[in-house]
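Undergrad: Based on what follows, work out the 3D shape:
(2 chains)
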There are 2 protein chains.
Amino acid sequence: MIPRDTHLHIGSLLFEGIDQIDLTGPFEVLSRIPNSTYRIYGKTSAPVRDLKGLLLTPDATLGDAPPLDVLHVPGGRGQEALMDDAEVLGWIAQQAASASSIFSVCTGALLCGAAGLLKGRRATTHWASFHLLPFFGAIPINERVVVDGAWIFAAGVTAGIDGALRLAAELRGDEAAQAIQLHMVYAPEPPFNAGTPETAPAAIVAQARQSARDLTAKRERTAQRIAAKLDIPVPTQVHPMSSTAEEPLATNEGLSALPPGWPAYRDFTKPTL
Amino acid sequence: MIPRDTHLHIGSLLFEGIDQIDLTGPFEVLSRIPNSTYRIYGKTSAPVRDLKGLLLTPDATLGDAPPLDVLHVPGGRGQEALMDDAEVLGWIAQQAASASSIFSVCTGALLCGAAGLLKGRRATTHWASFHLLPFFGAIPINERVVVDGAWIFAAGVTAGIDGALRLAAELRGDEAAQAIQLHMVYAPEPPFNAGTPETAPAAIVAQARQSARDLTAKRERTAQRIAAKLDIPVPTQVHPMSSTAEEPLATNEGLSALPPGWPAYRDFTKPTL
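TA: From the prediction side, this is the model:
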């Protein structure tokens, strides 16, 4: 816990093709951390669209950010386009070096990995990218929220809410986190037990595997390339989640969220900018 | 369940001072309903700020909306400023009249009530405004998600995620909702059991009561005035949640989310537009 009278600068990274709830779930918590300033930073100050079209606007650009006490790196399909972006990766690395907490949500972990920050670190990410963590030198831990020193990793998408509340407790104590949880009326009652590949109906998991196989294959190629760049020994065994395994567990990001048997309708959701 | 080949028009209301996760939680679900078009509608097309400063931009204005099959009305402190807004209330009433589903989140229920739509309806809302439902002619049901015919009511804030998944199941069947739930990796693990006034530590609930007493009192006066306007018999008993009761349970919206003992720091979060 950081002394109460130490003012905290908290910043989230925003980028085109983010999965919006990787940002907006934690926003509800991070914007309510006592004695803090919270800002959202983008490559430019222009609005971007999340992968389903929600328009989100940064408060400021990366260059405007002060040294952050808390750095939040969300994920989503658009992460893949940033895996060689020297400006974004450099910003993440520089901020992480002096931050007292780094909070990765979903495939934000891959960005942190590409920035060279995951070597030897216990980490998690979205289940469909979980098998990629060793390519960045990380030790994969299959839990919803993983805490490793200054780092907090939340697994997929809505896990960012749970991770942010854990972060609030680390920063300001359990009571501060509980006050925010009460504000959020966060006493979830999911109508189905279908939130993970282990619990969802098999046919739905199979559809999720199938629909995003291409994106996962692309991420695997990127991970292999970055492993070589960072001089990380590449895992030799094909992981059962890999797209090259017989029963691939491909990412559900980018999946159309159609149940089995539904025709592939044209995507009527909002266009990208 | 609506026939698969019936295309659905889904729309959310956006307004200044919304609690952003009342919109963005459901967004993650509503933007993935199979065979649908999902848009966010504002009084103007200009960006607005949520009550903690998140910039959100409508896709179109109220007047641009087609007759919606699904109407989503979120809440948040800014709802109070719309309780006499003829344009917004008229839009809600007109859309609700022909929609096959109406989805209220948090104090969005009060807007629906001001539009005259809650008479005789089983409903819920944020716990701090729960005692106001009878002023709009509603029957208060103390559950996280309440389904009454074409209506789905989610209680406070994050309850919108659970409600949206219930709505997805009503519209497109359980498997469609489960596919979306898997996409969202929605298998929550709250770090504390503090999400409701019944379960949160007493001192934190007391702080929540105290900090937003003024807003609840204002909402009570508005509810009384609207009850008179809509010719609804006003409840005569003082509800234990009322701000005029001895132990008022005032709203936690607008609360600073400070645990007991924290000094009231200046609000360093983002300014309003």
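Undergrad: From chain B, how far off is A:I2?
TA: 13 Å (Cβ to the nearest Cβ, to the nearest Å). C-beta here means a position set from N, CA and C on the backbone, and glycine is covered the same way.
Undergrad: residues touching that residue, list them.
TA: A:L8, A:D69, A:S100, A:L171, A:R172 (Cβ atoms under 8 Å, 6 or more residues apart in numbering or on different chains).
Undergrad: Would you mind listing the residues in contact with the closest residue to the third one other than its chain neighbours?
TA: Spelled out, it's A:S100. In this structure, A:S100 finds its nearest non-sequential neighbour in A:D69, 5.2 Å apart by Cβ to Cβ, 6 or more residues apart in numbering or on different chains. Taking Cβ under 8 Å, 6+ apart, we find A:D69 in contact with A:I2, A:L8, A:H9, A:I10, A:S36, A:A99, A:S100, A:S101.
Undergrad: Of all the helices and strands in chain A, which has the lowest average confidence?
TA: Lowest by mean pLDDT, DSSP states H and E among the helices and strands of chain A is helix A:202-211, with a mean of 89.
Undergrad: can you tell if that one touches chain B?
TA: Yes - for a cut-off given as Cβ under 8 Å from any Cβ of the partner chain, helix A:202-211 has contacts with chain B, namely A:A203, A:I204, A:V205, A:Q207, A:A208.
Undergrad: Can you spell out which helices and strands pack onto that helix?
TA: Helices and strands touching helix A:202-211, as assessed by 3 or more Cβ pairs under 8 Å, 6 or more residues apart in numbering or on different chains; DSSP states H and E, comprise helix B:174-183.
Undergrad: Please name every helix or strand in contact with the helix it packs on.
TA: Applying 3+ Cβ pairs under 8 Å, 6+ apart, one finds that helix B:174-183 contacts helix A:202-211, helix B:20-30, helix B:159-172.
Undergrad: Show me which of the residues of helix A:202-211 next to chain B is closest to A:T222.
TA: Sorting these by how near they are to A:T222, with Cβ to Cβ, puts A:A208 at the top with 20.5 Å.
Undergrad: Pull up the gap between that closest one and A:P140, please.
TA: Distance, A:A208 to A:P140, using Cβ to Cβ, to the nearest Å: 19 Å.
Undergrad: Compare those two (neighbour count), which wins?
TA: Between A:A208 and A:P140, counted using other Cβ atoms under 10 Å in any protein chain shown, A:A208 has the larger neighbour count: 26 against 19.
Undergrad: Correct me if wrong: that one contacts B:H183.
TA: Yes - shown here, A:A208 and B:H183 form a contact pair, counting by Cβ atoms under 8 Å, at 7.3 Å.
Undergrad: Chain B contacts on the stretch 1-150 of chain A?
TA: Residues of the stretch 1-150 of chain A lying close to chain B (Cβ under 8 Å from any Cβ) are A:4, A:7, A:19-21, A:24-25, A:27-28, A:31-32, A:34-40, A:47, A:52-57, A:59, A:106, A:126-127, A:144-145.
Undergrad: Which ones among the residues you listed map onto strands?
TA: Secondary structure from DSSP state E places A:S36, A:T37, A:Y38, A:R39, A:I40, A:L55, A:L56, A:V145 of the residues of the stretch 1-150 of chain A next to chain B in strands.
Undergrad: Is the first one bridged to anything, and to what?
TA: This points to A:S36. Under DSSP bridges, the beta-bridge partners of A:S36 are A:L8.
Undergrad: ok, how many other residues are close to it?
TA: Neighbours of A:S36 under the rule other Cβ under 10 Å: 21.
Undergrad: now it: how far from A:V70?
TA: Distance, A:S36 to A:V70, by Cβ to Cβ: 8 Å.
Undergrad: Give me the common contacts of those two.
TA: Common contact partners of A:S36 and A:V70 (Cβ under 8 Å, 6+ apart): A:L8, A:H9, A:I10, A:L30.
Undergrad: how much space between the third one and A:P26?
TA: Right, A:I10. As judged by Cβ to Cβ, A:I10 and A:P26 stand 10 Å apart.
Undergrad: Identify the contacts common to the two.
TA: With contacts defined as Cβ under 8 Å, 6+ apart, the residues shared by A:I10 and A:P26 are A:H72.
Undergrad: can stretch A:153-171 be found next to chain B?
TA: Yes - legend: contact between stretch A:153-171 and chain B by Cβ under 8 Å from any Cβ is shown at A:A155, A:G156, A:V157, A:T158, A:A159, A:I161, A:D162, A:L165, A:R166, A:A169.
Undergrad: Now do the lengthiest helix in chain A: distance to the chain's middle.
TA: Longest helix of chain A, by residue count under DSSP state H: helix A:213-229. Centroid displacement of helix A:213-229 relative to its chain, using Cα atoms, centre = their mean, to the nearest Å, is 17 Å.
Undergrad: packing partners for that helix?
TA: Against helix A:213-229 (3+ Cβ pairs under 8 Å, 6+ apart) you get helix A:108-114.
Undergrad: Contacts for the helix or strand just after the helix it packs on next, please.
TA: Scanning forward in sequence from helix A:108-114 by DSSP states H and E, the next helix or strand is strand A:122-123. For strand A:122-123, the external contacting residues (Cβ under 8 Å, 6+ apart) are A:S104, A:A109, A:L133, A:A138, A:I139, A:P140, A:I141, A:V146, A:D148, A:W151, A:F153.
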